[in-house]
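Engineer: the sequence isn't on hand, but the structure is:
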């Protein structure tokens, strides 16, 4: 099986991303798989919980959702940042359709 390496970014003492070329490194994807899986599970749970709170309204309901998010691996193990910043960054697309009991 091929070894896949991913680029990591270093964090300074206060947790700010450092993106200068001298601070970039790589790590094996397999070495970070548990962290990636946890981030995906958490992001999925947030999206599903949010969708569950959206009631049908005016004869329309949300019937589907697509969520896109990016992750940046920090050089320090156990730290994952979103692609854009240290805060979560999501793109959400909702599918809305008429309910069967719509007037």
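Structural biologist: Structure received. Here the structure is a predicted model, which is why all the values come from computation and not from measurement. Residues are numbered from 1 along each chain as shown.
Engineer: on the three-state scheme, residue 100 is what?
Structural biologist: At residue 100 the chain is in coil, as set by DSSP: H, G, I helix; E, B strand; the rest coil.
Engineer: for residue 58, see how far away it is.
Structural biologist: As judged by CB to CB, to the nearest Å, residue 100 and residue 58 stand 14 Å apart. All C-beta spots, glycine's among them, are computed from the backbone N, C-alpha and C.
Engineer: likewise for residue 35?
Structural biologist: Taking CB to CB, one finds residue 35 at 42 Å from residue 58.
Engineer: buried residues in the strand or helix carrying residue 67?
Structural biologist: Applying DSSP states H and E as the criterion places residue 67 in strand 60-69. Neighbour counts over strand 60-69 (16 or more other CB atoms under 10 Å) mark 61-62, 67, 69 as buried.
Engineer: okay, now the sheet partners of the helix or strand sitting right after it along the chain, with direction.
Structural biologist: Next along the chain after strand 60-69, taking DSSP H and E as the criterion, comes strand 71-74. When pairing is defined by DSSP bridges, strand 71-74 lines up against strand 5-11 (parallel), strand 80-82 (antiparallel).
Engineer: isn't residue 10 up against residue 73?
Structural biologist: No: counting by CB atoms under 8 Å, residue 10 stays clear of residue 73, with 10.8 Å between them.
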